[in-house]
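[1] sequence and predicted structure are below.
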Amino acid sequence: MELLKKLSSKGWRIIAPVRSGNQVTFREIAEGADILEDFVQSTQSAKGVIFPPVEELFRYHMKKEGAELPEQEKTIPTTLVFGLRPCDAAAVNSLNAVFTWDYQDSQFKERLENTYFMPVSCSRADEYCFCTSVGGNPGDTRGSDILLTKLSTGEYLAEIVTDKGKKITELAPGLFGAEPLEAKEKNLAVVDRRFDARELKQKLETLFDSNIWVQQSLRCIGCGACAFVCPTCVCFDIQDEGRGNQGKRLRCWDSCGFSLFTLHTSGHNPRDKQSQRWRQRIMHKFSYQPDRLAVTGCVGCGRCSRACPVDMNLLEHLVQAMAMEVQP
Amino acid sequence: MQELRNKVKELLSKGTVQTVIGYGEGTAGKVRPVFITDPGNTDSLIFDLRCKQNLAVYLLKPEVKQLGKAAVVAPLFTLKTILQLAAEFQLADGDIVIIGMDDEGKLIEFPDLAAVEAFVTRYDDLSAETKAELDRIEKMPLEERWQYWQKELSRCIKCYACRAACPLCYCTRCTVEINQPQWIAVPSHDLGNLEWHIMRAMHLAGRCINCGECARACPLDIPLNLLTQKLIREISLHFNQRAGIGSKAENTLSTFKPDDKENFIN
């Protein structure tokens, strides 16, 4: 693709969806790579670009005088994430809300500053998608720098959403024409809205003690796949890996679904049952985070449900929660 | 299928069990585990070739145990799991009601574990396709084999779906959850992934009954079952032992006999 070649020649790192066995995955691509466009959703999200599965926080060297933390010359390359879905770009807003809430996570911020998002709108969806129920849609521009929509003519409608998006057009001026050639909406998938996120939040506030969590979570095996494929999940673990008097501190992905997650040093575990952890997952994303950060912690991408080995189907459970009658 | 539903209705109405773990229709043609507690609700039970998930993973879960006595719909791999769990003292004869299902979906009654043993022993541990795949990898020169596994395992994100799905991974506190010392590196870098998968395979040596849940649960389609299948072959070859065929079998790697042919310990 012309634009990608242009940016790549300027030293940009391009990350795009490619086929990997039976799955669609995001990879750094070189020229001539076979970028996929005709797919509903990738198995993993692109969140790893700005929030890597394993990230070094610092190195240490124990000396007689104390610990020395050598300055790391880390440069984050300018990166374009191309071809992700609008829901994945919208997820960046949720990640950003968490990582810049009170403590300003400098590593996240640096990665985000150097990363540009160019999603392609969805022309089709499947039964797992529910973006329209959580404030999104197949042509959502939230979180994008430039949103592309493929038109029936084969060309792309480009919406320049942010200043960063503008910067891209300035780097490749010849590739961007002026007139929109066809209405965007004609080329978008239809995703029926199944619930209203605000109403869900209010309903959840009445369901903390409900038995619904036990019923819903019976088949959950606590595997963690949902959290790891999710574009908005941010829970992490910190691990020190050292030998002798040197080492490094790493941050890596974790999941609230694991029983270890809330195990106290005393041995007490406030969430020792899977139903409590399932409830926590739902509450965090649809009640607590919207309350505290004004951003819903889910973009309706459906990955969790597709990856789940026991077919938990998040959308189904949320619709079920909405239908619950609670005795006052 | 109707035979199955009738059996379940009978078990629940008579109060023989309080819950039946079986298969039901899921999203978009998938099959999901179901927990039937109401004898009037047996129509949601199905059984067909899509029913591949090993439901034995639920037998030791406290959340399921607290529902009361359970019955489980058990195709071959689940039957073998039950025997292995019994051999490891996790289940006793009579703890659960076993609703056996053969390849054609016909119900088999198993009054006790001895009946299950008589049934499973006739089946090979590894299919012809599996043996061919193991052969293919074993024939690779060492460097190529190493590259193959490096490539596959580099995709691992340490989500532990393989562990959660395996009915024989029932430790309430897994080795990776110990950090005094941190035996297995947690992050999903190359070393962390290698350590985890080697350790998991070794902990299943002589115990894995080849249900394939690990590979099926993996969100990234890593062929994890090849590792444990390889060890099934090794254990059979070198120790002449098989998992999941006896409720009183001895675990190869944790059984010592004074007349062991390796006499360095004497």
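    Received it, and whenever you're ready, just let me know what you need. Numbering: from 1, shown residues only, chains lettered A, B, ... in the order given.
[2] then stretch A:223-237 to CSV, C-alphas only?
    Coordinates of each C-alpha in stretch A:223-237 appear next as CSV, following Å, rounded to 0.1, in the frame of the first residue of the first chain:
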residue,chain,number,x,y,z
CYS,A,223,-8.1,-19.6,32.3
GLY,A,224,-7.2,-15.9,31.7
ALA,A,225,-7.6,-16.0,27.9
CYS,A,226,-10.3,-13.3,28.0
ALA,A,227,-8.1,-10.8,29.8
PHE,A,228,-5.1,-11.5,27.6
VAL,A,229,-6.9,-11.0,24.2
CYS,A,230,-8.9,-8.0,25.5
PRO,A,231,-7.9,-4.5,24.1
THR,A,232,-8.8,-2.7,27.4
CYS,A,233,-7.6,-5.1,30.1
VAL,A,234,-4.7,-3.5,31.9
CYS,A,235,-4.0,-5.6,35.0
PHE,A,236,-0.3,-6.3,35.3
ASP,A,237,2.2,-8.1,37.5
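[3] point out where the stretch 151-300 of chain A drops to low pLDDT.
    Low-confidence segments of the stretch 151-300 of chain A, defined by pLDDT under 70: A:180-181.
[4] interface residues of it facing chain B?
    For the stretch 151-300 of chain A, the residues found near chain B under the criterion CB under 8 Å from any CB of the partner chain are A:214, A:217-219, A:221-225, A:227-229, A:237, A:239, A:241, A:250, A:252-253, A:255, A:258-260, A:273-275. Using the backbone N, CA and C atoms, a C-beta is placed for each residue, glycine as well.
[5] buried subset of these?
    Buried by 16 or more other CB atoms under 10 Å in any protein chain shown: A:214, A:217-219, A:221-225, A:227-229, A:237, A:239, A:241, A:250, A:252-253, A:255, A:258-259, A:273-275, out of these.
[6] which of the residues you listed fall in strands?
    Mapping those onto strands (DSSP state E) picks out A:D237, A:Q239, A:E241, A:L250, A:C252, A:W253.
[7] residue contacts, the first one?
    Going back to what we said before, that points to A:D237. By CB atoms under 8 Å, 6 or more residues apart in numbering or on different chains, A:D237 lies in contact with A:R251, A:C252, A:W253, A:D254, B:V186.
[8] do the same with the second one
    Contacts here follow CB under 8 Å, 6+ apart; on that basis A:Q239 touches A:R249, A:L250, A:R251, A:C252, B:Q182, B:A185, B:V186, B:P187.
[9] buried subset of those residues?
    By the neighbour-count criterion of 16+ other CB under 10 Å, the contacts of A:Q239 include these buried positions: A:R249, A:L250, A:R251, A:C252, B:A185, B:V186, B:P187.
[10] where do the helices sit along the stretch 51-200 of chain A?
    A:86-99, A:106-113, A:163-171, A:197-204 (DSSP state H, counting those that start in this stretch).
[11] buried deepest among these, which one?
    Burial of those is given as mean neighbour count (mean count of other CB atoms under 10 Å in any protein chain shown); helix A:86-99 ranks first at a mean of 23.
[12] quick one: list the elements packing against that helix.
    Packing partners of helix A:86-99 (3 or more CB pairs under 8 Å, 6 or more residues apart in numbering or on different chains; DSSP states H and E): helix A:106-113, helix A:289-293.
[13] need those in CSV with distance to B:F110, can you?
    Compiled in CSV, the helices and strands packed on helix A:86-99 are given as follows (distance: least, CB to CB, whole Å):
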stretch, distance to B:F110
helix A:106-113, 55
helix A:289-293, 49
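[14] let's verify the residue nearest the centre of chain A: helix, strand, or coil?
    Per CA atoms, centre = their mean, the C-alpha nearest to the average position across chain A is that of A:P231, at 1.6 Å. Recorded secondary structure, A:P231: coil (DSSP: H, G, I helix; E, B strand; the rest coil).
[15] ok, it - contacts?
    Contacts for A:P231 (CB under 8 Å, 6+ apart) come out as A:S45, A:A46, A:K47, A:C87, A:D88, A:A91, A:S94, A:L95, A:V299, A:C301, A:R303.
[16] can you verify my assumption that the third one contacts A:N93?
    No - the criterion here is CB atoms under 8 Å, and A:K47 misses it with A:N93 at 12.0 Å.
[17] burial of residue 33, as a residue count?
    As the question left the chain open, I've gone with chain A. For A:A33, the neighbour count with other CB atoms under 10 Å in any protein chain shown is 14.
[18] was after chain B, sorry
    B:P33 has 24 neighbours, counted by other CB under 10 Å.
[19] and the residue lying farthest from the centre of chain A, backbone torsions?
    Distance from the C-alpha centroid of chain A, by CA atoms, centre = their mean, peaks at A:K64 (43.3 Å). In terms of degrees, to the nearest 10, the main-chain angles of A:K64 are phi -60, psi -40.
[20] how close does it get to chain B?
    Going from A:K64 to chain B by CB to the nearest CB, to the nearest Å gives 25 Å.
[21] quick one: contacts for B:A161?
    Going by CB under 8 Å, 6+ apart, B:A161 touches A:C223, A:G224, A:A225, A:P309, B:A217, B:C218, B:P219.
[22] for it, give me phi and psi.
    Per-residue torsions, B:A161: phi -60, psi -40 (degrees, to the nearest 10).
[23] show residues contacting the helix or strand encompassing B:L194.
    Per DSSP states H and E: B:L194 is located in helix B:190-204. With CB under 8 Å, 6+ apart as the test, helix B:190-204 has contacts from A:54, B:150, B:153-154, B:156, B:158, B:162-163, B:166, B:168-169, B:175-176, B:183-186, B:224, B:227-228, B:230-231.
[24] same deal with stretch A:18-33?
    The contact list for stretch A:18-33 (CB under 8 Å, 6+ apart) reads A:4-5, A:8, A:13-17, A:34-36, A:39, A:41-46, A:48-49, A:81, A:84, B:155, B:220-221.
[25] filter those residues to the buried ones?
    Among the contacts of stretch A:18-33, those classed as buried by 16+ other CB under 10 Å are A:4, A:8, A:13-17, A:35, A:41-46, A:48-49, A:81, A:84, B:155, B:220.
[26] just the ones of these in helices?
    Among the buried ones among the contacts of stretch A:18-33, DSSP state H puts A:L4, A:S8 in helices.
[27] looking at the buried ones among the contacts of stretch A:18-33, which are in strands?
    Here DSSP E is the test, and those give A:R13, A:I14, A:I15, A:A16, A:P17, A:V81 as lying in strands.
[28] list the contacts of the first one.
    Looking back up the chat, that one is A:R13. A:R13 makes contact with A:E28, A:P77, A:T78, A:T79, A:L80, according to CB under 8 Å, 6+ apart.
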